[in-house]
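**Q** Compute the structure for the input listed below.
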Amino acid sequence: MSEGENVGNEHEVIIVGSGPAGWTAAIYTARAGLSPLVLAGALDAGGALMTTTEVENFPGWPEGIMGPELMEKLQEQAEKFGAQVLYEDAVRLELDGAIKLVATEDEEYRARTLILALGSEYKKLGVPGEAEFSGKGVSYCATCDGFFFKDQEIAIVGGGDSAATEALFLARFGSTVHLIHRRGQLRASKVMVDRLLAEPKIQIHWNSKVAELRGENELTAAVLEDTVSGGQRELPVSGLFVAIGHEPRSAVVGEQLELDANGYIVVDEPSTRTSIPGVFAAGDVVDHTYRQAITAAGSGCRAALDAQAYLEATTS
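**A** Numbering: from 1, shown residues only. Okay, here's the model as predicted:
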């Protein structure tokens, strides 16, 4: 939709956020004739896949597809069926009552149903070189990008079950997988630790943290700092995966919705209903476990069907 085009302020469905969940919800609600308004975000429309290189595990793309291109095609499909898209951020939500309010910096919109596809973001290391080499050796998703580092030296940062699982996955591809952990003992479960220790390709660097990432056009080395002595050493790697957790982007809902201890929106599984009638949530803002494009798209479909059923049930 062109900038400034009048979309109106009253809607049956507003979808907050884009990415696979948001665009899929838009496709389904648009095909149902609900003319959804998508607030795709001012700077991060398309979600995490906009910073992903080649996606080879999304069904229907046997040759692979670049993350931004996949999001562009999903958006194109949603708009084809009548979804309206604004590149704005929701800065305030008012969820009580039959009509929900979504405020941006410049405007207020109202809808009978909301689908929250707010996503999550990977926790960052916050070290020099991390942003520079993101997508050029630095990745936050082993299942997305591990294949591209076949027979190369790979590092992964973390100490929990997720890091252990991804290290074992990366061992299928890398010549050596360097697991970097800031303490002298992993937080991962015993069974995962045993598997790590039994894998000859995995080398654990205890009491170590990444201080800096180096390279020219692509990553070539990580500078490790000993958390006990403070000494530093350079570890030559062409890939570095960060597995220190995720943060759901649920701050905008404040205390209006039920959240779990980690800030993820709680839904009434297997539905996408939240603690407030007429408000549904999908994608990574709900998903602790899988965080894949295809599972996010599936939950966006469910949210759209749930919203449609709610509208039909509450129409007088």
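**Q** Regarding P59, what is its secondary structure?
**A** Following DSSP: H, G, I helix; E, B strand; the rest coil, we place P59 in the coil state.
**Q** Phi, psi for the closest residue to it other than its chain neighbours please.
**A** Nearest non-adjacent residue to P59, counting by C-beta to C-beta, 6 or more residues apart in numbering: I294, 6.5 Å away. All C-beta spots, glycine's among them, are computed from the backbone N, C-alpha and C. Dihedral pair for I294: phi -70, psi -40, per degrees, to the nearest 10.
**Q** neighbours of the residue nearest to G231 when sequence neighbours are not counted, just the number please.
**A** Setting aside the residues directly before and after it, G231 is nearest to E225 in space (C-beta to C-beta, 6+ apart), at 7.3 Å. When neighbours are counted by other C-beta atoms under 10 Å, E225 registers 18.
**Q** In a strand, E225, correct?
**A** Yes: counting by three-state DSSP, E225 falls inside a strand.
**Q** Now do the same for it: its pLDDT.
**A** As predicted, E225 sits at a pLDDT of 98.
**Q** if I look at G230, how far off is L186?
**A** Look at G230 and L186: by C-beta to C-beta, to the nearest Å, they are 22 Å apart.
**Q** Quick check on those two: which one has the bigger neighbour count.
**A** For G230 versus L186, neighbours defined as other C-beta under 10 Å are more numerous around L186 (21 against 8).
**Q** State the helix or strand in which the more buried one lies.
**A** Assigned by DSSP states H and E, L186 falls within no helix or strand.
**Q** I figured it hits R195, correct?
**A** No: counting by C-beta atoms under 8 Å, L186 stays clear of R195, with 11.2 Å between them.
**Q** Give me the common contacts of those two.
**A** Listed as contacting both L186 and R195 by C-beta atoms under 8 Å, 6 or more residues apart in numbering are A164.
**Q** Which strand or helix spans the closest residue in space to R195 that isn't next to it in sequence?
**A** In this structure, R195 finds its nearest non-sequential neighbour in L168, 6.0 Å apart by C-beta to C-beta, 6+ apart. Using DSSP H and E, L168 maps to helix 161-170.
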